[in-house]
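Undergrad: quick one, structure for this:
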Amino acid sequence: MTSDKNEPTAASLLAAMVMGSASIGGVVASVQRSHRFPLPEFIQIENLARMSEVSVSQIINQLIECGLDAVKSKLPDEVVREMTIDRRGTSNRKTVVAVQGPKKKSRPAKTSKGKD
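TA: As a prediction, the model looks like this:
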């Protein structure tokens, strides 16, 4: 959720990524989790990743951010503060710090197979 009305929302950034007019990057701390997705939703996620030429993980993270932003916008500030408190503390979690950068878009050269 952004407080500046001039900054893009997570949803508009994701849409721009799919259309090829934006990319994401930065340094993030992440926690590895395993999750099972319903097949119809995962097909859509894979297709978004293919269309935007980014990893499935990046699409999933953007979709989670979009969903959290949408939920936070419907909740009272007190509840939003409560849901963003890190009760366990990051020092008690196994985290990985990774640098995310835009994936270079390179499309394979088209080749034509000649007939002998």
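Undergrad: what residues are up against residue 64?
TA: If a contact means CB atoms under 8 Å, 6 or more residues apart in numbering, then residue 64 has no contacts. Any C-beta I mention is one placed from the backbone N, CA and C, and that applies to glycine too.
Undergrad: how far away is it from residue 78?
TA: Residue 64 sits at a distance of 22 Å from residue 78 (criterion: CB to CB, to the nearest Å).
Undergrad: now the strands for this structure?
TA: Counting by DSSP state E, the chain has these strands, from start to end: 26-30, 96-100.
Undergrad: lowest average pLDDT across those strands?
TA: Least confidently modelled of the strands of the chain is strand 96-100, at a mean of 58 by mean pLDDT.
Undergrad: residue 17 and residue 40: what is the separation?
TA: Here residue 17 is placed at a distance of 21 Å from residue 40 (CB to CB).
Undergrad: counting neighbours, go ahead and name the busier of these two.
TA: Neighbours per residue, other CB atoms under 10 Å: of residue 17 and residue 40, the larger number sits with residue 17, 22 against 7.
Undergrad: so the more buried one touches residue 49, yeah?
TA: No. Applying CB atoms under 8 Å as the test, residue 17 and residue 49 come out as separate, 9.5 Å apart.
Undergrad: list residues touching both of these two?
TA: Applying CB under 8 Å, 6+ apart, one finds that residue 17 and residue 49 are jointly contacted by residue 58.
Undergrad: pretty sure residue 54 is in contact with residue 17, am I right?
TA: Yes. Assessed by CB under 8 Å, residue 54 is found in contact with residue 17 at 6.3 Å.
Undergrad: how about low-confidence regions in the chain?
TA: 1-7, 22-28, 89-116 (pLDDT under 70).
Undergrad: mind listing the helices for it?
TA: Counting by DSSP state H, the chain has helices at residues 10-19, 39-52, 56-73, 77-83.
Undergrad: out of those helices, deepest packed?
TA: Taking mean count of other CB atoms under 10 Å as the contact definition, the stretch among the helices of the chain with the greatest mean neighbour count is helix 10-19, which reaches a mean of 17.
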